[in-house]
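Novice: missing the sequence, but the structure's below:
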């Protein structure tokens, strides 16, 4: 059945493409950059902030907008009306990550009507991510053996990593989702750290990410520190971490720094997109935490050691 799909968050674009419906996507958000060949599709959203700023500048801009109870993003209603989609796949997980669900709902009701169905993603755990993938397949009426096997293959890759690390010591991990101010990663990340053979010292499975102070990191003194800032690629993350360590040399006293166990990742492409590529993200964690066991060849593409660049 031919259908017209709009995706308003990168994970939605990746899920729909993963399920074989990529050719039915007619519009996307400004952040939807994977698969690469969708870059010519119309962008239906834009940020109200300067996304090229530092983590501190971005944080301050977002705070100012949210204090006024405004949305961080703009929707091009004129373009959306012209496309007149059958489905809009969006999220209700985070108002900072994408256009809010309430805004999408309001725009759909006022400008598109009841013929457009909204599919909203709201995962907090890995299981919920897979539940969302299955629900998208169901809502798009593409539940079939092929797609079921695709999902089972993802789950098998996870199981293989989990089984391999079971008997090995779990190093203490600090996973940093934002750099200035510092934020510890939550939701599905602590679970992924555990599966890949580590112990997350800050996060709890399914619980929100939260702000932390450096003295908390210093007190717990993790074996490994992994930076996964949302929306930041390898270069931008690396530059920010360099500045962070220059400004505050207290980091140099940490066990992870002394043992050269500080890692930079591409937090734009991985970790922060709750879709099929979270399994690639899990493999990155496994490579970092247990290099003696895993080599999925994500190094230098998805992650680097801070001291080796």
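Specialist: Looks like it arrived, so ask away. These numbers were taken from a predicted model, which means no experiment stands behind them.
Novice: list the buried residues in stretch 12-27.
Specialist: For stretch 12-27, the neighbour count (16 or more other CB atoms under 10 Å) marks 12-19, 21-22, 24-27 as buried. Bear in mind the C-beta positions are built from the backbone N, C-alpha and C, glycine included.
Novice: residue 84 reaches residue 111, doesn't it?
Specialist: No. At 9.4 Å, residue 84 and residue 111 do not qualify as touching, with contact defined as CB atoms under 8 Å.
Novice: next structured bit after the helix or strand where residue 217 lies?
Specialist: Residue 217 is part of helix 214-220 when elements are defined by DSSP states H and E. Sequence order places strand 224-227 as the next helix or strand after helix 214-220, per DSSP H and E.
Novice: what's that following strand packed up against?
Specialist: Packing partners of strand 224-227 (3 or more CB pairs under 8 Å, 6 or more residues apart in numbering; DSSP states H and E): strand 172-178, helix 255-258, strand 262-265, helix 278-289.
Novice: name all residues that make contact with the residue positioned nearest the centre of the chain.
Specialist: The centroid of the chain falls nearest to residue 272 when counting by CA atoms, centre = their mean (0.9 Å). With contacts defined as CB atoms under 8 Å, 6 or more residues apart in numbering, the neighbours of residue 272 are 97, 177, 228, 230, 231.
Novice: and if we set it to 7 Å?
Specialist: With contacts defined as CB atoms under 7 Å, 6 or more residues apart in numbering, residue 272 is in contact with residue 230.
Novice: likewise the one 10 residues further on?
Specialist: Under the criterion of CB under 7 Å, 6+ apart, the contact partners of residue 282 comprise 158, 161, 192, 195, 196.
Novice: export the residues you listed to a markdown table and tack on neighbour count and pLDDT?
Specialist: Converted to a markdown table, the contacts of residue 282 look like this (neighbours: other CB atoms under 10 Å; pLDDT from 0 to 100):
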| residue | neighbour count | pLDDT |
| --- | --- | --- |
| 158 | 18 | 98 |
| 161 | 22 | 98 |
| 192 | 27 | 98 |
| 195 | 18 | 98 |
| 196 | 26 | 98 |
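Novice: pLDDT value on residue 248, please?
Specialist: You'll see residue 248 listed with a pLDDT of 92.
Novice: equivalent analysis for residue 309, please.
Specialist: The predicted local confidence for residue 309 comes out at a pLDDT of 77.
Novice: what's the local residue count around the closest residue to it other than its chain neighbours?
Specialist: Nearest residue to residue 309 in three dimensions, chain neighbours excluded: residue 238, at 6.4 Å (CB to CB, 6 or more residues apart in numbering). Using other CB atoms under 10 Å as the criterion, residue 238 is surrounded by 17 other residues.
Novice: was I right to think residue 238 contacts residue 305?
Specialist: No. With contacts defined as CB atoms under 7 Å, residue 238 does not count as touching residue 305, sitting 10.5 Å away.
Novice: returning to what we had before: out of the helices and strands packed on strand 224-227, the one nearest residue 127 is which?
Specialist: helix 278-289 (11.6 Å; CB to CB).
Novice: and the helix ranked longest in the chain, what does it pack onto?
Specialist: Of all the elements of type helix in the chain, the one with the most residues (DSSP state H) is helix 145-165. Based on contacts counted as 3 or more CB pairs under 7 Å, 6 or more residues apart in numbering; DSSP states H and E, the elements that helix 145-165 packs against are helix 126-139, helix 189-195, helix 278-289.
Novice: which is the next helix or strand following the second one?
Specialist: Meaning helix 189-195. strand 199-200.
Novice: tell me what that following strand is packed against?
Specialist: Applying 3+ CB pairs under 7 Å, 6+ apart, one finds that strand 199-200 makes contact with strand 172-178, helix 189-195.
Novice: domains in this protein, by residue range?
Specialist: The chain breaks down by automatic domain parsing into domains covering 5-143, 169-308.
Novice: where among those is the average confidence lowest?
Specialist: Between the domains of the chain, the one with the least mean pLDDT is domain 5-143; it has a mean of 92.
Novice: related to what we said a few turns ago, any chance of the helices and strands packed on helix 145-165 in TSV with distance to residue 254 as columns?
Specialist: Compiled in TSV, these are given as follows (distance: least, CB to CB, whole Å):
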stretch	distance to residue 254
helix 126-139	29
helix 189-195	18
helix 278-289	16
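Novice: picking up where we left off before, just the buried residues of stretch 12-27: which are in helices?
Specialist: Assigned to helices by DSSP H, the following of those qualify: 12, 13, 14, 15, 16, 17, 18.
Novice: ok, for the fourth one, nearest residue in space, not its chain neighbours?
Specialist: By that I understand residue 15. Here the residue nearest residue 15, using CB to CB, 6+ apart, is residue 275, at 4.7 Å.
Novice: my guess is that neighbour meets residue 13, correct?
Specialist: No. Counting by CB under 7 Å, residue 13 is not a contact partner of residue 275; they are 8.3 Å apart.
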